[in-house]
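Undergrad: How does the following fold in three dimensions:
(one chain, ligands or ions: 3)
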Amino acid sequence: MYLVLLFLLWALIFSMLVCVSIINKSHIRNRGRVVQLILLATFTLSCYMFFILVPPEYPVLALFASGLYFLSIDWLVIFLMVFTADYTHIRPLSRVPRYIVSLLAAADSVSFLVNTVTHHMFEVEHRTADDSVTQYWEVLLKKPYFFHRAFVFLLVTYILCILAYRLVKVPLMYKRKYGMILFQTAAVAVVNILCTVLKAKFDYSVVLYATLAMSICYFVLFASPRGLLRRIHSTIIKDSVIGLFAYDNDGKCIGVNKVAEEMFAGEAEITKIAELYLSEWKEEYQENGQNVIGTERTIVKNGQKIHLYVTYQQFLDEKDRILGYCFQFENRTEIVRKYKEEQYRATHDALTGLWSRSAFEEEVKRILAEAEEPYCMVCSNIKDFKMVNELYGIDEGDRLLAAQANMIRRNERGNSASTRIFADRFCTLMPRSHFDEKQFSENMAKTLELGLSSPFKLHFYLGVYDIEDVNEPVWTMYDKAMMAIDSVRGNYDKFVCYYREEMLQNILDEKDVLGVFDKALEERQFIMFLQPQIASSGTLVGAEALVRWMHPEKGIVGPEVFIPILEKAGLIHKLDLYMWESAAKKLEEWKKLGRDDLSISVNISTKDFFFLNIGEIFRDLSQKYDFDIKKLKLEITESALMDNVREILNTLDGLQSQGYDIEIDDFGSGYSSLGLLKDINADILKIDMIFLQETKNEERSTTILKNIIAMSKELGMPVITEGVETKKQADFLAQAGCDMFQGYFFAKPMSVERFEKQYFQQG
Ligand code: C2E
Ligand code: CA
Ligand code: CA
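TA: Ligands and ions are numbered 1, 2, ... in the order given. Take a look at the predicted model:
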C-alpha cells in the first residue's frame, strides 16, 4: 500500500506540473489563480510524500514535514476559496472576514511550525503495521489540532455552499461544471474525516487534492457545454439563409433546414427531392474524388429563376470511410441581380439604354469577327440640337434623345449594335442589307417630329460608312461615317451621305492647309485677283477681289479648296483682313493714278463677324489709306445674315453710316432671300449665278430674274449679276434693267498687274 501510494503521489505531482505548463501556455482568463492553486496542491502533495518518506530515526523531521503538510492545507483551501469565487462569479468574503481568515491561517501555520519543538498540536510515532512490512508514521493529534481542522472545515463548508448555490442557479448544461468540483471538494472532506475517524495509516484524501486540482484545470481549460454548442449550431442552421440537406452514409436524408425546404418546396416530398439531388450529384461528381465541391446552379421556382451556389461536402472518418453528406445552397439571386445591374450600368448609356461607347466597341468587334455579310456603320446627328436644349430645356432634349434611341433600337435588324457617342450623336452597326436609307430617314424624321411638342422643325444628318475591312479600328469606322456627315453639314437639301475615299483625302488636305497657312500668309503666297465689273453701258466700274494661293508646289490654288477649311478652323478672318487691306491699298494707289472712278468689292465671311470688330477695322482702313469710302464695297452673303441677324445688322448699319456700300452677295441662292431685303437696307444687290445656269425651266428663271431686278430698282438698289458667260445673257440682263455685270463673258478673275495692264492702258 505504501509503495502504491508513493507511486501514485509521484505520478500526480508529475501530472500537476504538466497541467501547470499547459495552463501557462493557454489564454484563459483566470490563468494565474488556477496555476497558484495547482502549484499549492503540488506543494501539499510533496510535503505529504516527504513526510511518509522520512526514515524512522528522524522523528523531528517527520514532525516538521507533517506540520508543513497541515499548514499547506490551510492555504490550499484559502486559494480554493478565492478560485471558487472567481469561478462562480460570487463575490468572495468581504475585507474584514478576509483578513481574519488570513490571520487565522497565518497563526495556524506558525502554530504548526512551532509544533516541531513544542508538540502542542500533534506528535508522531513510527510504527510497523500488523503485516510487519508496512512502516508508517502515526500522527497523534492533540486538542489544539482540532481548531485547525474546524477552521479548515468552516472554509470548505463555505466553498461548498457557494458551489451549491451556483449549481442550483445555473441552467442544466452548466451543472456539470459546478457539480463536479462541488462533488470532489466534498469527497476530499469526507475522505479526510474518514481517515481520521478510522485511524487510517495514511491520509488518502491527499490523492483527491490532486484530482480536484486537475479537474479544475480540465474544466477551466477544455470543458465546454456541448449541448450549448449543438444548440447554437442547430439554431444557426435553422435560421440560416443557407439551405441545407443532410444525409447519412446510405444517402438517406436526415435533415433539411427551413430555407432549403422553402427553396425546393414543390409537390414532391422534400426528403425525396433531397435524395434525388444527392444521387444525381454523385453520378456527376463522384469520380472527381474531392470532399468539397462548389458550383453554380439555377433552379426555377414559381416561374422565377433562383441562382444558387451549391456546396457539396462529404464527411469522412479518420479511415476515410463515409459518415455522411451535406449540401449547402446559398441563394445568390440578389447578388446575381445586383451584379447584372452593375454590369448593365457599366455597359449601357444611362439616358438611352444603348451600349456605352466601350461596350459598343467590343460588340462591334465581336459582331464583325463573326460577320458573314457586309456591314455598315451609320452615324446620325441632329442639326442645331443645342437649340432644343436652349429653347425647351434639357428634359425635353433628353426625351427627344431617348425617343431617337428607341427608334434606333426598334429598327435594329440582324446582328446589330448601337451607341450614343455623345449629345445627339448616335452610331449603329448593322448588316448592309438591312440599312434602308429611305426607311431610316423617315423613321428619324418622324421621331424628331413627334419628339418635340412644338412645330419646331429639326433636321438631321446621316453618315454611312460601308465597312470593307472588318479589322479596321472601330473608331476609324466611326470617324469615316462622321466624315460623310461633315461633308453635308450645313446643307439644307442633302441629309444622307455615304463615305467616299476622297473625304479622307479632303481631311488630309485640311491638315496640309492648316499646317502651312500662317507661314503662307506671312510669305504673301495669297494674292488678290480681280474680276472686272462692267456697267450696262460697257464701261468698267470696278472689280471684285478674289483670293488666289500661289502655292510653291501646287501652283495657283482656287479659294474653293482652302476657304471652307479656313472657315471651319476659324482662320478665315486672318485672310480676309489681308485681302481688305490689299484692296484699300490698291484703291489708294489707283486714286493717285487718277483712277478713283474704279471700285473694289471685297468678300466678308460669316465667321468674320465672330472674330473681328468689323466696324473698327474698316474705320482704321479708311484712316490709314487715302481712298474714297464709296469705292470699297463690302459683299456679304445672304446666308451670313441668317444666323445672329440682330448683331450683324447693327454692324452693317455702322459700316453704312461710315459711308461704305453693302452688297448682298449670292442673292437667291439661300432661303429667305426676300425676307432679308425687308430687314437689310443694302446698297447693292448681287444676283447669284444660279439664275443664269441652263435649266429646263429657263423661262421661269428669266421671269424670276426680271422680277428681282424690277423689285430691286423699286427698292432703289442697283443690281449686279454675276456669272455672266454669254453675250445673250448680257443682252437679256441689260434689257431687264441690270446695272452691272460680272462674269467670264467679260473677263475671268486676273492678277492685278494684268488687270491694270488691260484696263488702264485702254483707259
Ligand atoms: P463669290 O463671292 O460668289 O465669287 C464669285 C465666284 O464666281 C468667283 O469664284 C468667280 O471666279 C466665279 N465666277 C465669276 N464669273 C463666273 C462665270 O461667268 N462663270 C462661273 N462659273 N463662275 C464665275 P472664285 O474666285 O473661285 O471664288 C469662290 C468663292 O470663294 C467666292 O464666291 C467667295 O465666296 C469666296 N472667296 C473668294 N475670295 C475670297 C476672299 O478673299 N475672302 C472670302 N471670305 N471669300 C472669298
Ligand atoms: Ca463675292
Ligand atoms: Ca457671289
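
Undergrad: Could you report the neighbour count for the residue of the stretch 251-400 of the chain found nearest ligand 3?
TA: Closest approach between the stretch 251-400 of the chain and ligand 3, counting by CB to the ion: Lys383, at 24.5 Å. C-beta coordinates here come from the backbone N, C-alpha and C atoms, glycine included. For Lys383, the tally of surrounding residues (other CB atoms under 10 Å) stands at 18.

Undergrad: again with Phe529
TA: 20.

Undergrad: OK, contacts around the residue of the stretch 251-400 of the chain closest to ligand 3?
TA: Residues in contact with Lys383 (CB atoms under 8 Å, 6 or more residues apart in numbering) are Leu458, His459, Phe460, Tyr461, Arg489.

Undergrad: Neighbour-wise, give me the winner out of those.
TA: Tyr461 (23 neighbours).

Undergrad: how close does it sit to ligand 1?
TA: Going from Tyr461 to ligand 1 by CB to the nearest ligand atom, to the nearest Å gives 23 Å.

Undergrad: outside of the helix or strand in which that residue is found, which residues touch it?
TA: Here Tyr461, judged by DSSP states H and E, is contained in strand 460-466. Contacts to strand 460-466, defined as CB under 8 Å, 6+ apart, come from residues 374, 376-383, 432, 435, 437, 440-441, 444-445, 448, 477-478, 480-486, 488-489, 495-499.

Undergrad: Neighbouring strands of it in the sheet, and parallel or not?
TA: Looking at strand 460-466 with DSSP bridges, its partner strands are strand 375-382 (antiparallel), strand 496-498 (parallel).

Undergrad: Could you list the alpha-carbon positions for the first one in CSV?
TA: These are the backbone C-alpha positions of strand 375-382, laid out as CSV (Å, rounded to 0.1, in the frame of the first residue of the first chain):
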residue,chain,number,x,y,z
TYR,A,375,-21.8,45.6,-92.7
CYS,A,376,-22.1,49.3,-92.5
MET,A,377,-21.8,51.9,-89.8
VAL,A,378,-24.4,54.6,-89.7
CYS,A,379,-24.0,57.8,-87.7
SER,A,380,-26.7,60.3,-87.1
ASN,A,381,-26.5,63.9,-85.9
ILE,A,382,-29.4,66.3,-85.3
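
Undergrad: Contacts for that strand, please.
TA: 364, 367-368, 388, 400, 404, 408, 421, 424-432, 435, 440, 444, 448, 458-467, 470, 477-478, 480-482, 484-485, 489.

Undergrad: Restricted to buried residues, select those residues in ChimeraX.
TA: Applying 16 or more other CB atoms under 10 Å to those leaves a buried subset, and the ChimeraX line that selects it is:
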select :364,367,368,388,400,404,408,421,424,425,426,427,428,429,430,431,435,440,444,448,458,460,461,462,463,464,465,466,467,477,478,480,481,482,484,485
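
Undergrad: now, which of the contacts of strand 375-382 lie within helices?
TA: Within the contacts of strand 375-382, residues falling in helices by DSSP state H are 364, 367-368, 388, 400, 404, 408, 440, 444, 448, 477-478, 480-482, 484-485.

Undergrad: In CSV, list the contacts of Lys383 along with distance to ligand 2.
TA: Formatted as CSV, the contacts of Lys383 follow (distance: CB to the ion, whole Å):
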residue, distance to ligand 2
Leu458, 31
His459, 27
Phe460, 31
Tyr461, 27
Arg489, 22
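
Undergrad: Point out where the stretch 51-200 of the chain drops to low pLDDT.
TA: For the stretch 51-200 of the chain, the stretches with pLDDT under 70 are 92.

Undergrad: That one: helices as residue ranges?
TA: Assigned by DSSP state H, counting those that start in this stretch, the helices in the stretch 51-200 of the chain fall at 59-88, 95-118, 143-169, 172-197.

Undergrad: and Leu521, how many residues sit next to it?
TA: Counted with other CB under 10 Å, the neighbours of Leu521 add up to 16.

Undergrad: Appreciated, that's everything.
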